[in-house]
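*Asks:* Here is a sequence together with a model predicted from it:
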Amino acid sequence: MTSFRLLAGLSFLLATGRAEAQQQPEPSGWRLVYAVDSLGSRTQGDKPALLAAVRAGLPVRVGFGIAWKLRDGTSGGVEHVADAAFLTIHHGEVFAQLRPILGQTPAAREPDITLRTPGDQLWYALLDTTGRLQGYFSGDSTSRTTRVATFWYVPGQGAAGPSRLY
């Protein structure tokens with residue numbers, strides 16, 4: 001009889017634990033904590049909040065967009081959001097390295113992106129809170145720096161991001 005009670009009690013605890021685990025709230029997502037335009041001027045959020053999040057070791061995601069205008073006057077662009085792989089604070093600015101990705105080329109006039117497979121070119125990126133994107137393709141002798149608006153996210157609920165990133 002004692003074995004039955006023990007087994008019944010353990011079954012109850014396991015079932016209760018599973019039920020409680022299923023009732024746990026889902027992660028709340030990401031919130032925009034800071035944003036700058038391509039010149040590094042604040043457009044949303046609070047830089048001290050971003051600095052505090054980095055210093056606390058929170059995960060950070062960075063969004064940015066690249067716009068273009070075609071010869072016929074039409075415009076387009078791409079939007080990117082990626083996890084920061086390595087963060088640095090220097091002179092009060094935040095610098096985020098992204099994990100290398102296989103390079104890609106978007107089609108300007110249609111929803112198509114192709115991978116840069118010849119030579120398996122990896123793309124490395126460094127973004128900062130002054131509105132700079134430094135990109136480098138493996139095998140190139142130099143990197144390129146472009147001015148872009150950047151959007152900095154940390155886990156949690158709060159300010160929504162922009163309707164588009166370029």
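*Replies:* Good, I have the coordinates.

*Asks:* drop to CA atoms for contacts and neighbour counts, all remaining ones
*Replies:* Fine.

*Asks:* any idea of the mean pLDDT in the longest strand belonging to the chain?
*Replies:* In the chain, taking DSSP state E as the definition, the longest strand is strand 75-90. Throughout strand 75-90, pLDDT has a mean value of 95.

*Asks:* go on, stretch 143-160?
*Replies:* Rounded mean pLDDT across stretch 143-160 is 89.

*Asks:* CA atoms only for that stretch - export them in PDB, please.
*Replies:* Coordinates of the C-alpha atoms in stretch 143-160 are reproduced here as PDB (Å, rounded to 0.1, in the frame of the first residue of the first chain):
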ATOM      1  CA  SER A 143      36.200  47.200 -45.500                       C
ATOM      2  CA  ARG A 144      33.400  49.700 -46.400                       C
ATOM      3  CA  THR A 145      31.700  52.100 -44.000                       C
ATOM      4  CA  THR A 146      28.200  53.300 -44.700                       C
ATOM      5  CA  ARG A 147      25.900  55.600 -42.700                       C
ATOM      6  CA  VAL A 148      22.700  53.800 -41.700                       C
ATOM      7  CA  ALA A 149      19.900  54.300 -39.100                       C
ATOM      8  CA  THR A 150      20.300  51.700 -36.400                       C
ATOM      9  CA  PHE A 151      17.700  50.200 -34.000                       C
ATOM     10  CA  TRP A 152      18.800  48.600 -30.800                       C
ATOM     11  CA  TYR A 153      16.500  46.000 -29.100                       C
ATOM     12  CA  VAL A 154      16.700  44.100 -25.800                       C
ATOM     13  CA  PRO A 155      14.300  41.400 -24.400                       C
ATOM     14  CA  GLY A 156      11.000  42.600 -23.000                       C
ATOM     15  CA  GLN A 157       7.900  44.500 -23.800                       C
ATOM     16  CA  GLY A 158       7.900  48.100 -24.500                       C
ATOM     17  CA  ALA A 159       8.400  50.500 -27.400                       C
ATOM     18  CA  ALA A 160       7.600  49.000 -30.800                       C
END
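
*Asks:* residues contacting residue 152?
*Replies:* Taking Cα atoms under 8 Å, 6 or more residues apart in numbering, we find residue 152 in contact with 32, 33, 34, 35, 50, 60, 61, 62, 63.

*Asks:* Can you name the two of those that sit furthest apart?
*Replies:* Spanning the widest gap among these are 50 and 63, at 13.9 Å by Cα to Cα.

*Asks:* now the strands: where do they sit in the protein?
*Replies:* 30-36, 42-45, 61-69, 75-90, 93-102, 104-106, 113-115, 122-128, 132-137, 144-147, 150-155.

*Asks:* Tell me which of these is the most buried.
*Replies:* Of all the strands of the chain, strand 150-155 carries the top mean neighbour count, a mean of 25, counting by mean count of other Cα atoms under 10 Å.
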